[in-house]
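# Below is the structure, and that's it, no one-letter string:
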Ligand code: TYD
């Protein structure tokens, strides 16, 4: 499938509010539409640094700002949209085949990424020109 920006979704996760502290939940194939094969996180990002800047052929992902804030710029080869994530109970679902870059990290921000696949370098499209060809 050739996914576009209209397939990207901000998903509100359950938030159990409690005077002792709040609690949120992610269940695979329930709150997010895939099985989780891998979890990784990005942290200690120096000011002004940019992560990502590539697309995946097979990996769907779900990105949550567990702490602090950052922007995810998503590009389907025609349109671009910047999602600002800054709540630990709202995540961004990305289907396969979209270019994405993560930037504007706040101090001490923590980006958690749930992935539908195990790591494979072959799944990356790292050249933007190659991405545009792939989308055609
Ligand atoms: P990469 O996804 O390229 O991050 P960015 O696009 O922000 O530069 O990952 C950086 C390095 O980490 C790269 O050498 C691959 C390695 N890596 C793994 O070994 N396993 C993983 O699950 C991930 C996400 C990255």
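Looks like it arrived, so ask away. These figures come from a predicted structure and were not determined experimentally. Residues are numbered from 1 along each chain as shown.

# Next one: the closest residue to residue 94 other than its chain neighbours relative to residue 67, how far apart?
Using Cβ to Cβ, 6 or more residues apart in numbering and skipping residues adjacent in sequence, the residue nearest residue 94 is residue 61, 5.0 Å away. C-betas here are computed from N, CA, C, even on glycine. To residue 67, residue 61 is 18 Å away according to Cβ to Cβ, to the nearest Å.

# who's more crowded, these two?
The neighbour comparison of residue 61 against residue 67 (other Cβ atoms under 10 Å) goes to residue 61, with 24 against 15.

# Let me see the contact set for that one.
93, 94, 113, 114, 115, 116 (Cβ atoms under 8 Å, 6 or more residues apart in numbering).

# Out of those, flag the one nearest to residue 79.
Distance to residue 79 across those (Cβ to Cβ) is lowest for residue 94, with 14.2 Å.

# Now do that closest one against the ligand, distance only.
13 Å (Cβ to the nearest ligand atom, to the nearest Å).

# do residue 51 as well
Taken as Cβ to the nearest ligand atom, the span from residue 51 to the ligand is 3 Å.

# which residue sits closest to that residue, ignoring its sequence neighbours?
Nearest residue to residue 51, sequence neighbours excluded (Cβ to Cβ, 6+ apart): residue 102, at 4.6 Å.

# That neighbour contacts residue 72, doesn't it?
Yes - counting by Cβ atoms under 8 Å, residue 102 touches residue 72, with 5.4 Å between them.

# Not counting the helix or strand encompassing residue 72 itself, show me its contacts.
Per DSSP states H and E: residue 72 is located in strand 70-75. Counting by Cβ under 8 Å, 6+ apart, strand 70-75 makes contact with 5, 8, 45, 52, 63, 80-85, 92, 94, 98-106, 109, 111, all of which sit outside it.

# what's the answer for stretch 98-112, then?
By Cβ under 8 Å, 6+ apart, the surrounding residues in contact with stretch 98-112 are 3, 5, 8, 39-43, 45, 47, 49-55, 63-77, 84-86, 94, 125, 128, 131.
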